[in-house]
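Chemist: any chance you can model this:
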Amino acid sequence: MPRRRSRGRRWGEQLFIGASPYVSGLCYSIFRVEPYRDCPFGCVYCYRNWYSLSGGVRQVRDYERAIVEVDSIGLIPIPFRLSTLTEPFQPLEEERKLSLQVLKISLRHRYPLIINTKSDLIRRDPWRALLIQLGEEGLVVVQISLSHIDEKVGDIEPGAPSPSKLLEIASYLAERDVPVVVRYQPLIPGLSDTEEAFEKAAELFSEAGVKHVVAEYLRTYEENLGFFKSLAKDKDVYREKWEYYRIRGEKGPLKPPLKYRRAKMAALREVLTKRGVSFATCKEGFFDLHTAPDCCGMYLLGVKILMRPTLAEAYRLVTSRGPLSLDEVKEELTHMKGYASGSRIEVYPRPLRKGLKWHERVLFLVMQDDEQLTKVTPLLVFEDGKLTPRQP
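Modeler: Model prediction:
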């Protein structure tokens, strides 16, 4: 007879992103609900194929079960993300309406959501009406995903709406007081990160009422570099040696050189700041360039929330107080007000508690492994038993 799995292990197993040095070290939001496994947009850089992914009705039900428990106990919510790897408002949504269920659940239980989309379905009811209601309640931040603003480039995301159409949606939502963030990612070297592109993007984002921009560079395999080079207006970076994204070993996806990425991110920050738009990086670790309290734009929510601590908080600690031992950093982070850490994790439903503990454990492991640490962020170093700030 096959062994039965305990009830505690059967539900909620996919409600949090798996722990890794980058996610555990940098991401404030680790909880997700993925209504769909696949996506029809055909983005050439799509990361979904790199990961195993579950979705569908079961996960939507598990999401409701988890937040009902949080609500019933009266706990401070920890925001969920509606889709991290697939489009939640893809054409199939018109038939299945799984993402619509998530919106209704969040509104019913007043639970905050960070939504990532590049679909124009949200301009239509009933999705539009629910997003506006959630915005009125301070329960939603809508992230519009853009890899470029060039209307003439159609090969990167062949099935997705054009940049101008997505910015129209951003403007529509912003006019109705729904906080809008642009995920300017993946930045395509030589295409979406030129000086001209940055200036134009900052202008368009500001005019659309975008409050915050989070940027991340392209990660791709070596055999795909020729495709992106063919689209680039400035091809110089493609003649340089790119870095491996993975922590150890010379294999897997590549990303542009650190010096290049940092210089470009600093330039993007400058043009956005002039336009009054806050800025952060995603999976880059350039905390000193950030002009917002968190990378995802969760600070734009209108309800009280908790986030998990990251290396950004550790960086702020050691830059303000000097080098600290790992035990000192752990003590500070696990008792930091406003964060889901330490003993405060214990009161949350099992899937949330399990995810938070796992990621916290990996966060502390990254801190004491200098090879991992310096790969995840160039701003910290672990030496002589202490976590120390480093000049970029």
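Chemist: what's the closest non-adjacent residue to C295?
Modeler: Among residues not flanking C295 along the chain, A280 sits closest, at 3.9 Å (C-beta to C-beta, 6 or more residues apart in numbering). Heads up, the C-betas are built off the backbone N, CA and C, glycines and all.
Chemist: which of the three states applies to the one you found?
Modeler: With DSSP: H, G, I helix; E, B strand; the rest coil as the basis, A280 sits in strand.
Chemist: residues in contact with it?
Modeler: Counting by C-beta atoms under 8 Å, 6 or more residues apart in numbering, A280 touches 212-215, 289-292, 294-297.
Chemist: what's opposite it in the beta bridge?
Modeler: Going by DSSP bridges, A280 is paired in beta bridges with V214.
Chemist: buried subset of the contacts of A280?
Modeler: Among the contacts of A280, those classed as buried by 16 or more other C-beta atoms under 10 Å are 212-215, 289-290, 292, 294-297.
Chemist: among those, which ones are in strands?
Modeler: Among those, DSSP state E puts 212-215 in strands.
Chemist: what's the closest of those residues to R183?
Modeler: V214 (5.5 Å; C-beta to C-beta).
Chemist: separation between the closest one and L173?
Modeler: For V214, the distance to L173 (C-beta to C-beta, to the nearest Å) stands at 17 Å.
Chemist: same check on R248?
Modeler: From R248 to L173 the distance is 42 Å (C-beta to C-beta).
Chemist: neighbour count winner among those two?
Modeler: It is L173, of R248 and L173, that has more neighbours when counted by other C-beta atoms under 10 Å, with 24 against 11.
Chemist: quickly note the distance from the residue nearest to the more buried one when sequence neighbours are not counted to Q59.
Modeler: Spatial nearest neighbour of L173, chain neighbours left out: V180 (5.3 Å); criterion: C-beta to C-beta, 6+ apart. Between V180 and Q59 the distance is 26 Å, computed by C-beta to C-beta.
Chemist: what of Y184?
Modeler: Separation of Y184 from Q59 (C-beta to C-beta) stands at 28 Å.
Chemist: neighbour-wise, which of the two wins?
Modeler: Neighbour count, other C-beta under 10 Å: between Y184 and Q59, Y184 has more, with 28 against 23.
Chemist: surely F382 is in contact with M367?
Modeler: Yes. F382 is in contact with M367 according to C-beta atoms under 8 Å; the separation is 6.2 Å.
Chemist: overlap in contacts, the two.
Modeler: 326, 373.
Chemist: give me the distance from stretch 221-240 to the chain's centre.
Modeler: With C-alpha atoms, centre = their mean, to the nearest Å as the basis, stretch 221-240 stands 25 Å off its chain's centre.
Chemist: what's the answer for stretch 123-138, then?
Modeler: Using C-alpha atoms, centre = their mean, the offset of stretch 123-138 from its chain centre is 22 Å.
Chemist: contacts for that stretch, please.
Modeler: 89, 93, 99-100, 103-104, 106-107, 110, 112-113, 115, 121-122, 140, 142, 169, 172-173, 176-179, 301-303.
Chemist: secondary structure element for N116?
Modeler: strand 113-117 (DSSP states H and E).
Chemist: if we can go back for a sec, okay, the residue nearest to L173: pLDDT?
Modeler: Here, the pLDDT recorded for V180 equals 98.
Chemist: kindly report the same for L100.
Modeler: Per the predicted model, pLDDT is 98 at L100.
Chemist: now it: how far from E94?
Modeler: Distance from L100 to E94, by C-beta to C-beta: 10 Å.
Chemist: in terms of neighbours, single out the busier of the two.
Modeler: L100 (19 against 12).
Chemist: for that one, give me its contacts.
Modeler: Contacts of L100 by C-beta under 8 Å, 6+ apart are 93, 126-127, 130.
Chemist: ok, now L82?
Modeler: Contacts of L82 (C-beta under 8 Å, 6+ apart): 32-33, 35, 88, 99, 102-103, 113-116.
Chemist: from what I can see S106 touches V140, true?
Modeler: Yes. Using C-beta under 8 Å, S106 is in contact with V140, at 7.5 Å.
Chemist: what touches both of these two?
Modeler: Residues touching both S106 and V140 by C-beta under 8 Å, 6+ apart: 112-113, 134.
Chemist: so which of these is the closest to L387?
Modeler: Using C-beta to C-beta, the shared contacts of S106 and V140 come closest to L387 at P112, 31.0 Å.
Chemist: quick check, pLDDT for that closest one.
Modeler: 98.
Chemist: for it, which non-adjacent residue is closest in space?
Modeler: Closest to P112 by C-beta to C-beta, 6+ apart is P79, at 4.4 Å.
Chemist: how near is the one you found to A263?
Modeler: In terms of C-beta to C-beta, P79 sits 32 Å off from A263.
Chemist: tell me which of those two has more neighbours.
Modeler: Taking other C-beta under 10 Å, P79 and A263 do not tie; P79 has more neighbours (24 against 12).
Chemist: contact partners for the more buried one?
Modeler: 29, 31, 112-114, 298, 301, 305, 307.
Chemist: any idea which element Q143 lies in?
Modeler: strand 140-146.
Chemist: and that strand, what does it pack onto?
Modeler: strand 113-117, helix 127-136, helix 163-175, strand 180-187 (3 or more C-beta pairs under 8 Å, 6 or more residues apart in numbering; DSSP states H and E).
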